[in-house]
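1. Structure for the following, please:
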Amino acid sequence: MQKVLLHSLLIGLLMTVGARGQVRPGTLEQVDAFRIPHTAFMARTRITSFIDSTAGEMAVFEAYIAGPEKSLVIQKAGKNRDMKILYRNEKLWVALPGSRRPLRITPIQRLMGQASNGDVARIGWQTDYSVTSITEDTVKSTACRKLKLKARKRSSTYAVIDLWVRQSDARPVKADFFMASGKKIKWAVYDRYETYNGRPLLKQMTLYDALRPREKTVFLYEKVTPQRLPDRYYNKNYLVHVNGL
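-> All right, here's what the predicted structure looks like:
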């Protein structure tokens, strides 16, 4: 009887450690599946900034994703229409309309509203971040796991992310974003999902400014389609010549 009881206690302890301490393999792959439907694809995003309920700046971007390390973003509407942003080899470049050569930029630089360059050019988490801890939590009556993410490389947009995902399926619910200093700069709510090819895919996300609570920026993912571009489109020396997309 004592052996059975000891065995039960040991199993319970191991399950608790697994739930609260150990990092499960494949955790971020599960999470990214709600935002990355194909290896290579185009995602059109409408971004609108708000103060309270009043809409301000609006822009439309088309991001051509080619695996975890290459993306090309073209602004299709807004005051910087035809601007292009390239991510490759952990470097980010921008070609402004009419420019003759691209300029280096950083992922954390503000693009518009609460949206930074990295929020548009980098979609997945599994390449840029490591899960350092997993704890259990509840968000608005939803049972969640809180993942502590730490940047794996200098090109990661944020130094640390606290990410809440549903326990049932690892669907993102909300996130807090931090600088290397530990300062929280913004937070996100993953508002809405829609079925795409038989599985849920993120449809709308809202970013909130941590210091200016009246300001928010809404990302509406209007269209996703599988698409693969020739590799020359992901060359910084070709960036100013990209057209026809």
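2. and Thr138, what is it in contact with?
-> Taking CB atoms under 8 Å, 6 or more residues apart in numbering, we find Thr138 in contact with Cys144. (Glycine included, C-beta is placed from N, CA and C.)
3. mind saving the C-alpha coords of the helix or strand it falls within as PDB?
-> Secondary-structure assignment from DSSP states H and E places Thr138 in strand 129-139. These are the backbone C-alpha positions of strand 129-139, laid out as PDB (Å, rounded to 0.1, in the frame of the first residue of the first chain):
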ATOM      1  CA  TYR A 129      12.300  32.900 -29.400                       C
ATOM      2  CA  SER A 130      12.900  30.100 -26.900                       C
ATOM      3  CA  VAL A 131      10.300  29.000 -24.300                       C
ATOM      4  CA  THR A 132      12.000  29.400 -20.900                       C
ATOM      5  CA  SER A 133       9.000  28.500 -18.700                       C
ATOM      6  CA  ILE A 134       5.400  27.400 -18.800                       C
ATOM      7  CA  THR A 135       2.800  28.100 -16.000                       C
ATOM      8  CA  GLU A 136      -0.900  27.800 -15.800                       C
ATOM      9  CA  ASP A 137      -3.200  30.800 -15.800                       C
ATOM     10  CA  THR A 138      -6.700  32.000 -16.600                       C
ATOM     11  CA  VAL A 139      -7.700  34.800 -19.000                       C
END
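4. average model confidence for that strand?
-> Rounded to a whole number, the mean pLDDT of strand 129-139 is 96.
5. Note down every partner strand of it and its orientation.
-> strand 142-151 (antiparallel) (DSSP bridges).
6. Centre of the chain to the partner strand, how far?
-> 14 Å (CA atoms, centre = their mean, to the nearest Å).
7. downstream neighbour of it in the secondary structure list?
-> strand 160-166.
8. one step back: tell me the angle the strand holding Thr138 makes with strand 160-166.
-> 50 degrees (axes from the mean of the first three to the mean of the last three CA atoms, to 10 degrees).
9. where do the helices sit along this protein?
-> 2-20, 27-32, 117-121 (DSSP state H).
10. So which bits of the strand holding Thr138 are buried?
-> Residues of strand 129-139 classed as buried: 129, 131, 134 (neighbour count, 16 or more other CB atoms under 10 Å).
11. swap in stretch 62-81?
-> For stretch 62-81, by 16+ other CB under 10 Å, it's 62-66, 68, 70-76, 78.
12. same check, this time on stretch 38-53
-> 41-50.
13. Which single one of the residues you listed is nearest to Val242?
-> Met42 (13.6 Å; CB to CB).
14. wait, what's in contact with that closest one?
-> Neighbouring residues of Met42 by CB under 8 Å, 6+ apart: 62-65, 223-225, 227.
15. ditto for Lys70
-> 87-88, 234.
16. any chance of the residues you listed in TSV, with neighbour count and distance to Gly244 too?
-> Shown next, in TSV, are these (neighbours: other CB atoms under 10 Å; distance: CB to CB, whole Å):
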residue	neighbour count	distance to Gly244
Tyr87	25	20
Arg88	18	20
Tyr234	21	16
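17. Closest one of those residues to Asp191?
-> Tyr87 (25.3 Å).
18. could the buried residues of stretch 38-53 go into TSV alongside distance to Ser116?
-> Listed next are the buried residues of stretch 38-53 as TSV, based on distance: CB to CB, whole Å:
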residue	distance to Ser116
Phe41	21
Met42	21
Ala43	17
Arg44	19
Thr45	14
Arg46	17
Ile47	11
Thr48	16
Ser49	13
Phe50	17
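19. Could you pick out which of the residues you listed are located in strands?
-> If you go by DSSP state E, the buried residues of stretch 38-53 have 41-50 in strands.
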